[in-house]
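Asks: What would the 3D arrangement of this be:
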Amino acid sequence: MTDNRTMTFETPRPAKLRIGIPSGRITLTAEETAVTRIELSAPHGHASALDWIAQAEFVQAGDEIVVRGPRMGFSLFGFGGGIEATLHAPLGSDASLSIGAGRIETIGRLQKVSVNTGAGGVHVGDCAEVRANTGSGNIEIASVSGSVEAKTGAGTVRIGKVGADARITTAAGNARVEGVGGSAKLTTAHGNIEVGQAGDSLEAFTASGNVRVDRADHGYVRARTVSGGVSVGVASGVAALLDLHTVSGRVRSELAASDAPVDGEQRVELVLSTVSGNVNVARA
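Replies: Next comes the predicted model:
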């Protein structure tokens, strides 16, 4: 029984990859190449991992490449006996990657990316669109030119710039996005929410934690926390319509009072509230 298998496929155009393993690690590197290379190995030599690799099927149909193995629970492997899946594919490829327990990482520019792990961290490089889900673990995404959906049961979410819409959910952990071009909704039960640049619309809610928006210059921001503070920076020269509320805290605005903005004048609407904490509005 071999401890690794390697397959190479001709892919002169970006490939569509689909692979799922019981446990271990998946690493996909997108690079300047006309072939797709996939290697499966069992670094700890676990018998169940070796058997899974031996039975795995590699199938190519046009641009699509699928790796599938026999059905078995990842508990048979344990974290010390998982599989290492190492993939190299052309830039701009699509990828659907799943693992029962372990880490998923992509490097290089990809197109559509879907990653799912029951327990483990996720790191995605630059891509056009991404859906990332982990039952327990951190999610990191470098940048997304289109939309992103990220969800973790327990862990932090950190994302660079998002060109379109963003949907981010974590039950217990912080959420941070550098900037959003479209609409965004960020939710966490226990953790802080931070947004560098708000887009067309932003909705942020945390039961226990702070909400901070560094810069908003159009659209609206609706932010709410039960226990924590809310702070938003408004771009210079932008009018702001304010609806600020706290039950046991202070409300402070550094913006000068003015008449309502006229038609065509750039504006942003802020609806900010907290039960226990301060609400602050300032110039970005």
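
Asks: Would you double-check that Ala49 falls in a helix?
Replies: Yes. Assigned with DSSP: H, G, I helix; E, B strand; the rest coil, Ala49 falls within a helix.

Asks: how many other residues sit next to it?
Replies: Neighbourhood size, Ala49 [other Cβ atoms under 10 Å]: 26. For the C-beta atoms, the positions are set from N, CA and C on the backbone; glycine is no exception.

Asks: Correct me if wrong: it contacts Glu84.
Replies: No. Between Ala49 and Glu84 there is no contact under Cβ atoms under 8 Å: 9.2 Å.

Asks: so what sits against both of the two?
Replies: Gly24, Ala42 (Cβ atoms under 8 Å, 6 or more residues apart in numbering).

Asks: how far out from the middle of the chain is the helix or strand of the chain with the lowest mean pLDDT?
Replies: Using mean pLDDT, DSSP states H and E, helix 47-55 stands out as the lowest-scoring helix or strand of the chain, at a mean of 89. Put simply, helix 47-55 sits 31 Å off its chain's centre (Cα atoms, centre = their mean, to the nearest Å).

Asks: and the next element down the chain from that helix?
Replies: Using DSSP states H and E, the helix or strand that follows helix 47-55 in sequence is strand 57-61.

Asks: Run through who's touching the helix or strand just after that next one.
Replies: Counting by DSSP H and E, the next helix or strand C-terminal to strand 57-61 is strand 64-68. Here strand 64-68 makes contact (Cβ under 8 Å, 6+ apart) with 9, 11, 15-20, 36, 38, 40, 56-60, 85.

Asks: Need the buried ones from these selected in ChimeraX.
Replies: The ChimeraX selection below is limited to those of the contacts of strand 64-68 classed as buried (16 or more other Cβ atoms under 10 Å):
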select :9,11,15,16,17,18,19,20,36,38,40,56,58,85
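
Asks: Just the ones of the contacts of strand 64-68 in strands?
Replies: 9, 16-20, 36, 38, 40, 57-60, 85 (DSSP state E).

Asks: In JSON lines, list the residues you listed along with distance to Tyr220 and pLDDT.
Replies: As requested, these are exported to JSON lines (distance: Cβ to Cβ, whole Å; pLDDT from 0 to 100):
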{"residue": "Phe9", "distance to Tyr220": "48", "pLDDT": "97"}
{"residue": "Lys16", "distance to Tyr220": "38", "pLDDT": "98"}
{"residue": "Leu17", "distance to Tyr220": "39", "pLDDT": "98"}
{"residue": "Arg18", "distance to Tyr220": "39", "pLDDT": "98"}
{"residue": "Ile19", "distance to Tyr220": "41", "pLDDT": "97"}
{"residue": "Gly20", "distance to Tyr220": "40", "pLDDT": "95"}
{"residue": "Thr36", "distance to Tyr220": "44", "pLDDT": "98"}
{"residue": "Ile38", "distance to Tyr220": "46", "pLDDT": "98"}
{"residue": "Leu40", "distance to Tyr220": "49", "pLDDT": "97"}
{"residue": "Glu57", "distance to Tyr220": "50", "pLDDT": "95"}
{"residue": "Phe58", "distance to Tyr220": "50", "pLDDT": "96"}
{"residue": "Val59", "distance to Tyr220": "48", "pLDDT": "95"}
{"residue": "Gln60", "distance to Tyr220": "48", "pLDDT": "96"}
{"residue": "Ala85", "distance to Tyr220": "43", "pLDDT": "97"}
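
Asks: host element of Ala257?
Replies: Using DSSP H and E, Ala257 falls within no helix or strand.

Asks: How far does stretch 276-284 stretch from one end to the other?
Replies: Start to finish, the residues bounding stretch 276-284 are 24 Å apart (Cα to Cα, to the nearest Å).
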